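1. Everything below, folded, please.
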Amino acid sequence: MHKNVIKKAAASFVAAAMAINGAAMGTSTIFAADTVYEFEDAALTGTILVDDFDGASGGKVAYMKNDGTISLDIEVASAGMYTLVFYVQGEGGSKQQNLSINGVSQGVLAIPESTTMEPVSLTVKLPAGKSTVEISKSWGWSRFDKLEVKSAELPEIKATHKNLCNINATAEARSLFDYLNSVYGKNIISGQQEIYNYGHGGDFEVEFEYLNDLTGHYPAIRGFDFLNNANILYGENDHTVDRMIDWANNKNGITTASWHICVPKEMSGYKVGDKVAYEQATYKPDETNFVTSNVLVEGTVEREFYLKSLENLVETSLKPLQDAGVPVIWRPLHEAEGGGGETGGWFWWAKDGSAVYKEIWKLTYDTLVNEYGINNLIWEWNSYNFPTSKNWYPGDEYVDIIGYDKYNCTEYLEENNWQASYKHNDSAISPTFYGIMEMYDSKKMVAMAENDCFSTVENLTSEKAGWLYFCTWYDGGGQTNFLSDPLFNTKEDTIEMYQSDYCITLDELPADLYKKNVAPVDPALTTTAVTTAPPVTTTRVTTAADPSKNYGKVVYEELDGTFQITLPKEAEEFYIMVKLPGDIEYANGGLGVSIPLDGEYYWANIKWEASASGAVKINVKDDVFNITLGTKEVTDEALLEKLMAELGKGTSYQGQIWYAQSGGKEASKDGVAILDVYTMNESTTTPVTTEPGSENIVWGDANSDGTVDIADATRILQSIGNADKYGLTDEQAANADCYNPGSGVTAMDALAVQKFDAKVISSLPEIVEDNY
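-> Numbering: from 1, shown residues only. Here you go, the predicted model:
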């Protein structure tokens, strides 16, 4: 009997923390709306000391190393929303400390690494009069200079991307997404996660009947998990799909689903298709030797496993739901960053860092949408609010909603040996909401995808925390009861929430939730491949590290010349490397980019031309062919001027080969290709070619045997996992640093070797700009 228990609260010592890009406060009482406090004046405990620091306000800082707290009393004239600006510095890397205001945990304070004091801001609700701010050591090794308290100017709650990223989305998905947009920032939609298979003795309705009995209402959103229903190791049909269809089609409710996809704990000897017992499967990275980066490498058992799992997911779950007309807010590969940075993840899909994770997300999207034609999904991606969180973002073209998992009633404190401690905390965590909204430029709606306490109506509205929806995690059935335990949600707060005008319940969803006639995105606006296309494959090959160039990425969709390029940064000028077959004397094509303006999405077509193989310079403003809205070309000069001003601010372009010529006549476009894309460093005005490194470096040869093969990838991963036993010599480390040389030896170097061995790339080193 399978009893899968997901212990949300015990995932990590910072699982419940909300990184709020903030810091601490000192001890002085100045009665003003805009006030500066010095940390050296704060009440300090433990080994925290006042230290000299060049460039600090007053030349002094509070220096936290291994323990202690910083407490500061601040005072404001009236209750309201305030912006706290902290000037802080992390020593030896980004740091996190615990932050509370008036004894209520605000989660962790994310402090960037720097050699100077950096301002980080958060917006909080403060009562009139005195408030006490306390910072306690979590990671330590941080300096605190000063705190500014200012009256807050809250940004507008909006999401400019009002169309689904899949242009072939089903009518039901488009209608639901339109409704979500219509209530965003005005109301919060109620949601509840159902329990795992066999929980509550097999009764999936316990939480929902509790809510209806207590408040007279059911939640509008019901959360599901495909862990059992789509599981090629030990899964079974637990009727998840039947319940989803019933919730949407018979009850007119909204469905959301995650997927705790498990892998074998032991991969040695495993063959795809083998059954694996529940006890021998896991989603935790430290319980398996499943190599996450191998999911991206052809011919590996990990890739075969993942693609087979996607096929099974389609057959057992997603295709039946699409056939039944049920759209799903789909949240795969969730909580990737976990505790922050590259190594804080607590699921296997994050084990090899953000670069690998993003490619797995894109592989998932392209396989489901382009190979299997699954178009009923609204793609939701989990973010945090750490300084590093955006590194994990797959990109606007792969995401519809950004979710945050709120577990701020859980604290992990040193005095409790970093074990979970629970304390009621009904904050609306507006700093996290606004931090995430602004991090992604207000393009996507922001939701509370999971939560312990859903906050209160008063806190949500007074803090103006405009979460799209909440979805409370289930009662643990003898474990943590996130819904009904007053430690998280009191009965009084639950009644008030579900009976309020602010909260939308099941009976308040519109009758035309899935029937509103929302026009699909006009194909004229994009060159994205149709859903019957095969999965995309990365084709860009970098033959040499070139310090004059910042490389992007080219992805082909294996259609007639259709491709996507991603720039490493915003640029009005960039270069594409065009390949013309020997008999082709001329070719041209287009690069298309979406321009959001005043609630509309315009499409700019940029023409490129090539008369020989080589670099072609693109100037997005000089080379515009036309700009359209739908099928109509924009001709209004004032509007064109506004649209032209926005060109160059995008990093993702959809491209096509339009025409090829041989002997003065039109010829087949087969063989015409875009091999690479890059921007030039500011010090260089023309493309140059330089060979990397020293003559003695053999890129990828981590074991110094004179060849580069899969054994070198294994050697790199061994050195990362156990440096004492498998440490590299200086020569081996130089050879191993074959992904973005100079970045140090990481799992990405092993992945580069695997790609080279599998002939996915033709040479090493692999040069990729990660921050596009």
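
2. roughly how far apart are the nearest residue to Asp145 once chain neighbours are set aside and Ile135?
-> Nearest residue to Asp145, sequence neighbours excluded (CB to CB, 6 or more residues apart in numbering): Tyr87, at 4.0 Å. Using the backbone N, CA and C atoms, a C-beta is placed for each residue, glycine as well. Separation of Tyr87 from Ile135 (CB to CB, to the nearest Å): 13 Å.

3. Next: Leu513.
-> Relative to Ile135, Leu513 is positioned 45 Å away (CB to CB).

4. okay, these two: which has more neighbours?
-> Just comparing Leu513 and Ile135: by other CB atoms under 10 Å the higher neighbour count belongs to Ile135, 30 against 18.

5. wait, isn't the more buried one in contact with Lys95?
-> No - judged on CB atoms under 8 Å, Ile135 makes no contact with Lys95 at a distance of 11.0 Å.

6. What strands line up against the one helix or strand Val446 maps to, and which way round?
-> Secondary-structure element containing Val446, defined by DSSP states H and E: strand 445-451. Next to strand 445-451 in the sheet, as set by DSSP bridges, lie strand 401-406 (parallel), strand 470-472 (parallel).

7. and the last one, average pLDDT?
-> When pLDDT is averaged along strand 470-472, the result is 98.

8. What are the buried residues along that strand?
-> For strand 470-472, burial by neighbour count (16 or more other CB atoms under 10 Å) applies to 470-472.

9. any idea how far stretch 623-631 is from the chain center?
-> Computed by CA atoms, centre = their mean, to the nearest Å, the chain-centroid distance of stretch 623-631 equals 31 Å.

10. With respect to Asp352, which of the buried residues of strand 470-472 is nearest?
-> Using CB to CB, Cys471 is the member of these that lies nearest Asp352, at 28.5 Å.

11. So in terms of bridging, what pairs with the closest residue to that closest one other than its chain neighbours?
-> Of all residues not flanking Cys471 in the chain, Gly191 sits nearest, at 3.4 Å (CB to CB, 6+ apart). Beta bridges link Gly191 to Ile221, judged by DSSP bridges.

12. Please identify the helix or strand for Thr628.
-> strand 624-629.

13. Check which element follows that strand along the chain.
-> Past strand 624-629, the next helix or strand by DSSP H and E is strand 632-633.

14. For burial, what's the neighbour tally of Asn66?
-> 11.

15. Next one, pLDDT for the residue positioned nearest the centre of the chain please.
-> Nearest to the mean C-alpha position of the chain, counting by CA atoms, centre = their mean, stands Tyr393 at 3.6 Å. Tyr393 carries a pLDDT value of 96.

16. Same check on the one 3 residues further on?
-> If you check Asp396, the pLDDT there is 93.

17. repeat for Glu205
-> The score at Glu205 is 97. That number is its pLDDT.

18. Got phi/psi on the residue lying closest to Gly46 once chain neighbours are set aside?
-> Using CB to CB, 6+ apart and skipping the chain neighbours, the partner closest in space to Gly46 is Gly68 (2.5 Å). Main-chain dihedrals, Gly68, degrees, to the nearest 10: phi 100, psi 170.

19. Same question for Tyr306.
-> Backbone torsions of Tyr306, given as degrees, to the nearest 10, read phi -70, psi -40.

20. residues touching the closest residue to it other than its chain neighbours, list them.
-> For Tyr306, ignoring the flanking residues on the chain, the nearest one in space by CB to CB, 6+ apart is Val295 at 4.7 Å. Counting by CB atoms under 8 Å, 6 or more residues apart in numbering, Val295 makes contact with 302-303, 306, 356, 360, 363.

21. Those residues in strands, which ones?
-> Within the contacts of Val295, no residue falls in strands by DSSP state E.

22. Using CSV, lay out the residues you listed together with pLDDT.
-> Shown next, in CSV, are the contacts of Val295 (pLDDT from 0 to 100):
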residue, pLDDT
Glu302, 97
Arg303, 96
Tyr306, 98
Val356, 93
Ile360, 96
Leu363, 96
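
23. Please indicate which of those are buried?
-> Buried among these (16+ other CB under 10 Å): 302-303, 306, 356, 360, 363.

24. would you list every one of the helices in this protein?
-> Here the chain has its helices, by DSSP state H, at 171-183, 206-215, 240-245, 301-313, 319-323, 354-366, 430-439, 457-462, 491-499, 637-646, 710-721, 723-726, 730-736, 747-757.
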